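S.K.: Structure of the sequence below:
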Amino acid sequence: MEGKLPEEIPVLRAFLRRLVVGCPSLEVDDLQQQTMNRALQFQHRYDATRPLRPWLHTVAFRVFLDARAKSKADPLPMSEGSHLPESPNHVAPPTQEEVDALLAQLPDPQGEILRRFHLQDQSVGEIGVALKLPNGTVKSHLHRARQTLARDANVEAWL
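M.R.: The predicted model follows:
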């Protein structure tokens, strides 16, 4: 297993980046390191006859859940009236009106699929059933919608 771990790093990092989107206090580098440490620590539990990636993603997900729980349990102490400094690249999150306007620009069913996936937390399978579309088609529409929105520089900062 140890020889296969370095090959999995790019895919693992992409997986962790998707997980930390809503958790600004978590760092992908830290989670990756903790995942690799835990994978090596518990490598005796890995069944070498099975693919490594799903097992490693399970380890990464558990590391993420542990880190998220810890970050929620240890809030930053803040005195009354204090605030965190904004980063130089800070962009205010979009208003609901801005989100609605952007989604309205997307062709059907891209806007609906993007709204269901990101705003209503529906899975690809749930969206496919609701809209009577194959999962691959749902994924394609999600990809195209994200590409369309990413062309707007302001949207890139929100993503």
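
S.K.: What are the contacting residues of the longest helix anywhere in the chain?
M.R.: Ranked by residue count under DSSP state H, the longest helix found in the chain is helix 52-73. The set of residues external to helix 52-73 that reach it, using C-beta atoms under 8 Å, 6 or more residues apart in numbering, is 1, 4-5, 8, 11-12, 15-16, 19-20, 23, 25-26, 30-32, 34-35, 38-39, 42, 46-47. For every residue, glycine as well, the C-beta is placed using N, CA and C.

S.K.: center of the protein, which residue is that?
M.R.: The chain has Arg18 as the residue nearest its centroid, 2.0 Å off, counting by C-alpha atoms, centre = their mean.

S.K.: And that residue, how far from Pro107?
M.R.: 25 Å (C-beta to C-beta, to the nearest Å).

S.K.: Leu149 too?
M.R.: Plainly put, Leu149 is 12 Å away from Pro107 if you go by C-beta to C-beta.

S.K.: Check Val63 and give its pLDDT.
M.R.: pLDDT recorded at Val63 is 91.

S.K.: Same check on Pro24?
M.R.: On the pLDDT scale, Pro24 is placed at 77.

S.K.: Kindly report the same for Pro94.
M.R.: 64.

S.K.: Do a quick rundown of the helices in the protein.
M.R.: 5-19, 28-41, 52-73, 96-105, 110-114, 124-131, 135-150, 153-158.
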